[in-house]
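1. Below are the sequence and a predicted model for it; my questions follow.
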Amino acid sequence: MTEKTYLKLQYSENSVANMASRILSAYIATGKLTETNEEELITKATLLAIRLAQKADTLIDSDDESTE
C-alpha cells in the first residue's frame, strides 16, 4: 500500500501549479519530456510559472491594489 500525500495549497500556489502543469503539458505534447529529463522539466516549468506570476503581479494592479 502506498503512502498518501495530502496538500493544501494557497490560492497563489494553486495558480502557479496550474500554470506549471500547462507548461509541462506543452513539453509532453511536443515530445520534449522524457524519463531522463522529467524532473528537470518539472522544475523548469514551475520556475517559468513563478516568473510569469511575478511579471503579471508587477504589470497588473488588481482591484484591491488600486490606489484610486
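-> Arrived safely.

2. Which helix or which strand is home to Gln27?
-> Careful, residue 27 is Tyr; it's not Gln. helix 11-29 (DSSP states H and E).

3. what do you get for Ala56?
-> helix 38-59.

4. Show residues contacting that helix.
-> By C-beta atoms under 8 Å, 6 or more residues apart in numbering, the residues outside helix 38-59 that reach it are 12, 15-17, 19-21, 23-24, 27, 32-33. Just so you know, the C-beta spots here come from the backbone N, C-alpha and C atoms, and that holds for glycine as well.

5. now, the most widely separated pair of the residues you listed?
-> Greatest spatial distance among the contacts of helix 38-59 (C-beta to C-beta): Ser12 and Lys32, at 27.0 Å.

6. just the buried members of the contacts of helix 38-59?
-> Neighbour counting by 16 or more other C-beta atoms under 10 Å classes 16, 19-20, 23-24, 27, 33 among the contacts of helix 38-59 as buried.

7. Including pLDDT, could those residues go into a markdown table?
-> Below are the buried ones among the contacts of helix 38-59 laid out as a markdown table (pLDDT from 0 to 100):
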| residue | pLDDT |
| --- | --- |
| Val16 | 97 |
| Met19 | 98 |
| Ala20 | 98 |
| Ile23 | 98 |
| Leu24 | 98 |
| Tyr27 | 98 |
| Leu33 | 97 |
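
8. Could you save those residues as a markdown table and add columns showing distance to Leu48?
-> Output for those, formatted as a markdown table (distance: C-beta to C-beta, whole Å):
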| residue | distance to Leu48 |
| --- | --- |
| Val16 | 10 |
| Met19 | 8 |
| Ala20 | 7 |
| Ile23 | 6 |
| Leu24 | 10 |
| Tyr27 | 11 |
| Leu33 | 14 |
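
9. residue contacts, the one residue sitting closest to the centre of the chain?
-> Residue closest to the average C-alpha location in the chain (C-alpha atoms, centre = their mean): Ala20, at 2.8 Å. By C-beta under 8 Å, 6+ apart, the contact set of Ala20 is 42, 45-46, 48-49.
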